[in-house]
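In: Have a look at this prediction, sequence included:
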2 protein chains.
Amino acid sequence: MTAIDLTLATPACRGCPIRHRAVCATCEPSELSRLEGMKSYRSWSAGQTIVMEGAELDFAASIVTGCATLTRSMEDGRVQMVGLLMPSDFIGRPGRAQAPYEVVAATDVTLCMFDRLGFERLLAETPHLSTRLLEMSLDEIDAAREWMLLLGRKTAREKVATLLSIILRRAATGKTPLRAELPITREAMASYLGLTIETVSRQMTLLRKDGVISMAGARTVLCDDLAALMAEAGDDADGDVIS
Amino acid sequence: MTAIDLTLATPACRGCPIRHRAVCATCEPSELSRLEGMKSYRSWSAGQTIVMEGAELDFAASIVTGCATLTRSMEDGRVQMVGLLMPSDFIGRPGRAQAPYEVVAATDVTLCMFDRLGFERLLAETPHLSTRLLEMSLDEIDAAREWMLLLGRKTAREKVATLLSIILRRAATGKTPLRAELPITREAMASYLGLTIETVSRQMTLLRKDGVISMAGARTVLCDDLAALMAEAGDDADGDVIS
DNA sequence: CGCTGATTTGAATCCTCTCAACTCGCGTGG
DNA sequence: CCACGCGAGTTGAGAGGATTCAAATCAGCG
């Protein structure tokens, strides 16, 4: 939680951990070298605000490492998470200078950043880039709609089970029991799920007592039977969109 | 509610009511003439299913007239609306053949349809088209996130007030009192808001008794004071995204 | 060791849902 | 003409799930 901004030496795209998943995934060497000239790395530590709600947004960026949250809030302080950004996810809205959401680093985060106008120009001239961004945006829409089903219709228990199954599947290594470090606090989980912290905590306790999951400390989840967890989540085991 | 499919004579793009708002908005005459050769109109009457959840989706389309709903459902029958499509909105997901949602005509609907593969080919060759689709997709993401805030954090009263204000603003003619015919049933309203029919009905009664709105029959809403309605909706009066 | 923030647990309240009955508008047919 | 059925919408009573407020416990760290 120390409030230190780091401007790192910016490494080459070759060897970048998100090279084949981010917005630049389908770029050719010549296109990549143009990006190379524009980009700069910057890091935030967990808890820091990257962009304030309503503030001017003069860059576009990809998440290289770490995890950030997108939230919208109401005047009286109620907050809803509307995006959970993981490595390779894109931040920014070509054609708009204002950020409609707050972006906060959930863990330590490193972004690969581009000047907004420069990026927009490049986007207009590089079909590989705009096609990829369209593809990512369509995935984002699917994910948002899945999320809407969760927020609108699932019970607290199903919500918590859904989030845990998402995190466990993303961290899956093939070994059982599945094991994952929760990248977010209970508060962020509650914000994701449209619940209160207390309800999240209670449901995790119940899932544990019912033998669906187990925990090693407050931040590490274990699960022997992902199918059972997904049944608790109210999803059919295969009907999930990978995003 | 009569179950009649109509295949209409397909009019020219020139003079199309959604010519300047749909995915084709920025196409030039030459591009338009290619679209012209591919398109065909088709109509559904209110209540009919246009695409079943999980079914093959072999077309892309724009809504020309009417209103359609996108819904996702759970195995036990719970249903959440995840999209409310109005004229100029786009249906289809380039690059994917399966429909993850059910599409139903809320009112009588006419679509301007394209063969999916032909449309994808055209999309790849026509930057005007893909840029416009990207723009529309980004708007869609913003709308979905606004909707997530509603589903996750708003009270029943705020939810209903929000939906009514959206409908009234869309139908606005400048004259007061604002007046709009509700294009959807109470059931669809409930599905949109993540509530039950009964709760929607009760909240509308309360808003009426509190003088925020009035009604002419069950399907026509009137409102003298949009600012008051939007205050009930929990939004700041100007912080809304136009989509 | 003791502080601070994060998490868990408890008790009471409140909001929304469930189940049920009732009203309304409308077209059908005796 | 009116009874009838039907679907949409409204209203009521009671139950239940999530929240609120409060206190206790835990974990990490100087």
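Out: Sure thing, it's come through. Residues are numbered from 1 along each chain as shown, chains lettered A, B, ... in the order given.

In: ok, now which ones touch the spatially most central residue of chain A?
Out: Centrality entry for chain A: nearest residue to the mean C-alpha point is A:Leu85, 1.8 Å, by C-alpha atoms, centre = their mean. Residues in contact with A:Leu85, defined by C-beta atoms under 8 Å, 6 or more residues apart in numbering or on different chains, are A:Ile63, A:Cys67, A:Ala68, A:Thr69, A:Leu70, A:Ile91, A:Val103. All C-beta spots, glycine's among them, are computed from the backbone N, C-alpha and C.

In: repeat that for 10 Å
Out: When contacts are counted by C-beta atoms under 10 Å, 6 or more residues apart in numbering or on different chains, A:Leu85 touches A:50, A:61-63, A:66-70, A:91, A:103, A:105-106, A:109, A:111.

In: same deal with A:Ala190?
Out: In this structure, A:Ala190 makes contact with A:Val79, A:Met81, A:Lys159, A:Val160, A:Ile184, A:Thr196, A:Ile197, A:Glu198, A:Thr199, A:Val200, A:Ser201, B:Gly152, judged by C-beta under 10 Å, 6+ apart.

In: check the residues you listed against DNA strand D, which are close?
Out: Among the contacts of A:Ala190, the residues lying close to DNA strand D (C-beta under 7 Å from any atom of the strand) are A:Thr196, A:Glu198, A:Thr199.

In: Work out for me the element the last one sits within.
Out: Right, the one you point to is A:Thr199. With secondary structure defined by DSSP states H and E, A:Thr199 is part of helix A:197-209.

In: What segments of chain A are helices?
Out: A:29-38, A:116-125, A:127-153, A:156-170, A:186-193, A:197-209, A:226-232 (DSSP state H).

In: where does chain A have low pLDDT?
Out: Low-confidence segments of chain A, defined by pLDDT under 70, are located at A:1-8, A:236-243.

In: ok, back up a step: okay, the contacts of A:Ala190 in CSV with neighbour count next?
Out: Listed next are those as CSV, based on neighbours: other C-beta atoms under 10 Å in any protein chain shown:
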residue, neighbour count
A:Val79, 19
A:Met81, 27
A:Lys159, 25
A:Val160, 27
A:Ile184, 20
A:Thr196, 14
A:Ile197, 14
A:Glu198, 10
A:Thr199, 17
A:Val200, 23
A:Ser201, 16
B:Gly152, 26
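
In: Show me which residues of chain A sit near DNA strand C.
Out: Where proximity means C-beta under 7 Å from any atom of the strand, the interface of chain A facing DNA strand C comprises A:185-187, A:197-198, A:200-202, A:204-205, A:215, A:218-219.

In: okay, those residues in JSON lines with distance to A:Leu133 next?
Out: What follows is those, written out as JSON lines (distance: C-beta to C-beta, whole Å):
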{"residue": "A:Thr185", "distance to A:Leu133": "31"}
{"residue": "A:Arg186", "distance to A:Leu133": "33"}
{"residue": "A:Glu187", "distance to A:Leu133": "31"}
{"residue": "A:Ile197", "distance to A:Leu133": "35"}
{"residue": "A:Glu198", "distance to A:Leu133": "39"}
{"residue": "A:Val200", "distance to A:Leu133": "33"}
{"residue": "A:Ser201", "distance to A:Leu133": "38"}
{"residue": "A:Arg202", "distance to A:Leu133": "40"}
{"residue": "A:Met204", "distance to A:Leu133": "36"}
{"residue": "A:Thr205", "distance to A:Leu133": "42"}
{"residue": "A:Met215", "distance to A:Leu133": "38"}
{"residue": "A:Ala218", "distance to A:Leu133": "37"}
{"residue": "A:Arg219", "distance to A:Leu133": "34"}
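
In: Closest one to chain B out of these, please.
Out: Looking at these and their distance to chain B, the nearest is A:Val200, at 13.0 Å (C-beta to the nearest C-beta).
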